[in-house]
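Engineer: structure here, sequence nowhere to be found:
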Ligand SMILES: Nc1ncnc2c1ncn2[C@@H]1O[C@H](COP(=O)(O)OP(=O)(O)OP(=O)(O)O)[C@@H](O)[C@H]1O
Ligand SMILES: [Mg+2]
């Protein structure tokens, strides 16, 4: 151009209404405001989490002191807890030789409360950082009233506050149950600090990927890995091996609360949290608002010929998630499978030194029983993961609906049955893939170290019997989505119930009618038990009935229901 | 295509409640074959709700609804082969490109005309290779518009289709709408943009609180309202001021006589002109109301009803 007007080379100075102070502290401006806003928005949600965790502790302390009231009861429990299978799902086994109420609580519950609080922390962080950014709801941020780091810092502070309150209540519960106060404080702090580590992990993953689900999925994957590393490390050696120490979950357990308490492992959690936050801050400073570290590439101008159905769209949206979940599950279960040989020999050594263990697991079949119970627990876990994945996958239907894509698709010649069927099919395929991959990984791992009992056929059947139960939860989630779309957090309650019943049903001596609420409880515990048809058929029938109800209801209701 | 229907959209006394909220409260709305029908109303007046009922997405509480001669709830799938819909707030699949979304919508409908797609993309200046989450609001809207105009259907149902479009793109949209009309297809167009409605719509229905308050051709509607008259006259205006239908008459002295301004109900214009004729008119203008004024009149008392009365604030 020939005009000589001066080019606008420098950005215009900040508008006069921005105060100098706000400009200087710009990356953190508005943190306090955001924190208050988040706390207000989440007061119910966080209260539910806090009360559930505190109620769980309360129940544990009460149930353990009632069920295992004598020293003999507790030592029998200790013997059970010293098997590799138990170690995999509890802790490093401090205090097994004098299994007090405190030692029992710390050893058996720490892992799971950490998992629960870590999931809470991850969800909260992602919800207030990446999800906000993705939905472009962050009006305040766009208006630049809020600094770049403010949402993440505010989310961390919110999670910290929640964890502090939960820890304080936990100490109160322990103290009321007659447990030593110092140990209670260390244990509660350990649990809370570990949750904070995973909150920080979520801050990092929220920078790496531009999607809410990607960010929480990656962080939960890290949590799963930490749980498996801890289990694998602790199996190798009573009180943990070097491998254990690579897992943040182990640090809290290594405080030896109620046995020989020490607080220094908690420093590791603090240091790691800070390091992760530094990494996150670095990443955040090097990306644009709304973007991830992984840049969006351009795509196709025309769709592939296969993209022509609701199923194809749902699959396209979820295939990456399915792939990552399958890969993670497959590798972890493969690794677990390779432990089966050591487990057999370990129990024989243990039985020699410990009469209580010998009484339960002695005899010719002892080692095999342990192997079988390990396989059973691991398959139960794949089923639980499949249930969790299936619910989350199915509930994407709700997101599709509330964001308006469902009505757009349903305004084409696509029937409601076909649309909902596509959502169910993709969720179902994902769940089946996870069960299959976990089982196959485990079998390959076991065979690779020469453990050929249980045989492949047993693995296949043991995994297959879970499918009707997994399907039932999926059908339940679908029915809730169809009947009462506003209650779509309800299906998660069934995951929690299935989890608690599967892992603590025996320890808490829950009555059968409660255990029966979990569809997974009805499944024959293969390879410990033999296969039977009745539960499989019954579960299948209920699943079919629920799906019918779901499709009927969806056919009748308003779309969208907001 | 199946046999043409005289009234592609026919709604009589439609009610739809969400719990205690009455979104539609006895709505009447008709779209005749080959006509572009404008659908206007303040926010929350029930336009989108009515459209969703027409698409068989919401089940009416009561009332008579026919779309292309069929029952939109019971015959949804069959009817949807013959119509297309642009939602008010277009949301795309975040990992599909705009081009993929257009193809998908076309295939769900049964086929895709590649040449037509290419032409529309060019006219709307839309880059089809971008991932949906990187599109701006206007570009998302364009994706839905391209998908809609690419389909060969009898009825287009458009819910605020131009929200977010720049004026240039709005012009392109208007042009395509005229083309659609020239082909004898029918359109239901909900909108807040008066000039757009004035340009392309044959009839207009104004809805308030779930009920149609005006409907007819633009001329019909204009007829129902007042025109602004200014004139310079020599004679005495008392006779004119006394006529029924004359409002807000103001006079000011002028070099040539008296300058007068007043508004008059359109159906009372005749007697006014007769009376004026005998007064020695030097200058005369009569301005018909713009649709905007017409519309604001219907929104106006809504605003007053929503406003807090002054006595309230003193408490
Ligand atoms: N699913 C729903 N549940 C409850 N109330 C609803 C629902 N959908 C709409 N409403 C209510 O019905 C009324 C009409 O809403 P509608 O979306 O049809 O308005 P609209 O005319 O399209 O407004 P706008 O011009 O803002 O798009 C509003 O009061 C709205 O709050
Ligand atoms: Mg609307």
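Structural biologist: Happy to help now that I have it. It should be emphasised that the depicted structure is a prediction, and the values quoted were computed from it without experimental measurement. Ligands and ions are numbered 1, 2, ... in the order given.

Engineer: interface residues of the stretch 101-250 of chain A facing chain B?
Structural biologist: The stretch 101-250 of chain A comes close to chain B at residues A:134, A:210, A:211, as judged by Cβ under 8 Å from any Cβ of the partner chain. Where C-beta positions appear, they are placed from N, C-alpha and C, glycine not excepted.

Engineer: and which of the residues you listed is nearest ligand 1?
Structural biologist: Among those, residue A:134 lies closest to ligand 1 (Cβ to the nearest ligand atom), at 23.5 Å.

Engineer: need the nearest residue in space to that closest one, chain neighbours excluded.
Structural biologist: Nearest-residue entry for residue A:134: residue A:212, 5.4 Å, with adjacent residues in sequence omitted and distances by Cβ to Cβ, 6 or more residues apart in numbering or on different chains.

Engineer: and the pLDDT at the one you found?
Structural biologist: We have a pLDDT of 85 for residue A:212.

Engineer: again, but for residue A:23
Structural biologist: Looking at residue A:23, its pLDDT is 48.

Engineer: before we move on, what about the one 4 residues further on?
Structural biologist: If you check residue A:27, the pLDDT there is 80.

Engineer: report the contact partners of residue A:313.
Structural biologist: A:307, A:409, A:422, B:93, B:96, B:104 (Cβ atoms under 8 Å, 6 or more residues apart in numbering or on different chains).

Engineer: quick check: phi and psi on the closest residue to ligand 2 within the stretch 351-500 of chain A?
Structural biologist: Going by Cβ to the ion, ligand 2 is nearest to residue A:404 of the stretch 351-500 of chain A, at 11.1 Å. The phi/psi pair for residue A:404 (degrees, to the nearest 10) reads phi 100, psi 0.

Engineer: distance-wise, check it relative to ligand 1.
Structural biologist: 12 Å (Cβ to the nearest ligand atom, to the nearest Å).

Engineer: go on, residue A:57?
Structural biologist: 40 Å.

Engineer: so for that residue, what's the nearest residue that isn't a sequence neighbour?
Structural biologist: The nearest residue in space to residue A:57 (Cβ to Cβ, 6+ apart) is residue A:173, at 4.8 Å.

Engineer: neighbours of the one you found, how many?
Structural biologist: 22 (other Cβ atoms under 10 Å in any protein chain shown).

Engineer: quick check, residue B:61 in contact with residue B:13.
Structural biologist: No - using Cβ atoms under 8 Å, residue B:61 is not in contact with residue B:13; the gap is 10.9 Å.

Engineer: isn't residue A:241 right next to residue A:229, touching?
Structural biologist: No - taking Cβ under 8 Å as the definition, residue A:241 is not a contact partner of residue A:229, at 10.6 Å.

Engineer: these two: which is more packed in?
Structural biologist: residue A:229 (20 against 15).

Engineer: how much space between the residue in chain B sticking out farthest from the centre and residue B:232?
Structural biologist: Residue farthest from the centre of chain B, counting by Cα atoms, centre = their mean, is residue B:255 at 44.8 Å. According to Cβ to Cβ, to the nearest Å, residue B:255 stands 9 Å off from residue B:232.
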